[in-house]
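[1] Sequence unavailable; structure follows:
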């Protein structure tokens, strides 16, 4: 998912350079959403992993 966020970020940057403002805005929005979803899922997995790891080491 993080890979797709970076792909849309690159598309947004390239579209911005060439003046395609609608494509740039849409790509930037998609990249932000994907990065936000990735961040939430990563933090959730981190918390669950730490909780399970703490129980395994006891």
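    Here it is on my side, so go on. Remember, predicted model here, so these are calculated numbers, not experimental data.
[2] ranges for the helices of this protein?
    Across the chain, reading from the start of the chain, the helices by DSSP state H fall at 2-18, 21-57.
[3] Not counting its own residues, what contacts the first one?
    Residues external to helix 2-18 that are found in contact with it (C-beta atoms under 8 Å, 6 or more residues apart in numbering): 21, 23-25, 27-28, 30-31, 34-35, 38. C-beta: built from backbone N, CA, C; applies to glycine.
[4] Residue 50 versus the spatially most central residue of the chain, what's the distance?
    Ranked by distance to the mean C-alpha position of the chain (C-alpha atoms, centre = their mean), the top residue is residue 35 at 1.7 Å. Taking C-beta to C-beta, to the nearest Å as the criterion, residue 35 is separated from residue 50 by 22 Å.
[5] again with residue 8
    Spatial separation of residue 8 from residue 50 under the definition C-beta to C-beta is 30 Å.
[6] The two - which one has more neighbours?
    Higher neighbour count among residue 8 and residue 50: residue 8, with 20 against 10, using other C-beta atoms under 10 Å.
[7] which residues touch residue 25?
    The neighbourhood of residue 25, defined by C-beta under 8 Å, 6+ apart, consists of residue 12.
[8] how close does it get to residue 1?
    Looking at residue 25 against residue 1, where the rule is C-beta to C-beta, the gap reads 21 Å.
[9] next one: residue 56
    Taking C-beta to C-beta as the criterion, residue 56 is separated from residue 1 by 27 Å.
[10] Looking at the two, which has the bigger crowd around it?
    The neighbour count for residue 56 versus residue 1, taken as other C-beta under 10 Å, is higher for residue 1 (11 against 7).
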